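1. Give me coordinates for this.
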Amino acid sequence: MPEKRSADEIRASIEQSRQELGTSLVRLRDEVHELTDWRAQVRRNSERLTVVAAAAGFVLAGGIGGAASVVFGRRRRKR
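-> Below is the predicted model:
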């Protein structure tokens, strides 16, 4: 059988839970802000993003150049 708690104990428990919830909400808000701050993400990952952008540019340039050579018939001639 569960032990009975006094009204003061119940109030103290509710207050503690309320404070813990408030702390959790502040922590959650900070984490959400950190995860959705794209400027901070770019600053933290600038080197990686530079490499990815360079690779994407290289692939796009090659892809466009390759397609243009097929469309305009500028293929390399075999010697």
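
2. which helix of this protein spans the most residues?
-> helix 7-36 (DSSP state H).

3. Now do it, average pLDDT.
-> Helix 7-36 shows a mean pLDDT of 95.

4. from the middle of its chain, how far away would that helix be?
-> For helix 7-36, the separation from the chain centroid amounts to 25 Å (computed by CA atoms, centre = their mean, to the nearest Å).

5. Next: stretch 58-76.
-> Distance, stretch centre to chain centre, for stretch 58-76: 35 Å (CA atoms, centre = their mean).

6. Put the alpha carbons of it into PDB.
-> C-alpha atoms of stretch 58-76 as PDB (Å, rounded to 0.1, in the frame of the first residue of the first chain):
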ATOM      1  CA  PHE A  58      33.800  20.700 -60.700                       C
ATOM      2  CA  VAL A  59      31.100  18.100 -61.300                       C
ATOM      3  CA  LEU A  60      28.600  20.700 -62.700                       C
ATOM      4  CA  ALA A  61      31.200  22.200 -65.000                       C
ATOM      5  CA  GLY A  62      32.200  18.800 -66.300                       C
ATOM      6  CA  GLY A  63      28.600  17.700 -66.700                       C
ATOM      7  CA  ILE A  64      27.700  20.800 -68.600                       C
ATOM      8  CA  GLY A  65      30.800  20.600 -70.700                       C
ATOM      9  CA  GLY A  66      30.200  17.000 -71.500                       C
ATOM     10  CA  ALA A  67      26.500  17.600 -72.400                       C
ATOM     11  CA  ALA A  68      27.500  20.500 -74.600                       C
ATOM     12  CA  SER A  69      30.100  18.400 -76.500                       C
ATOM     13  CA  VAL A  70      27.400  15.800 -77.200                       C
ATOM     14  CA  VAL A  71      24.800  18.400 -78.300                       C
ATOM     15  CA  PHE A  72      27.200  20.500 -80.400                       C
ATOM     16  CA  GLY A  73      29.200  17.500 -81.700                       C
ATOM     17  CA  ARG A  74      32.600  18.600 -80.300                       C
ATOM     18  CA  ARG A  75      34.000  15.200 -79.600                       C
ATOM     19  CA  ARG A  76      37.600  14.400 -79.600                       C
END
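
7. Can you give me the buried ones in it?
-> Judged by neighbour count (16 or more other CB atoms under 10 Å), stretch 58-76 contains no buried residues. Quick note: C-beta positions are derived from backbone N, CA and C, even for glycine.
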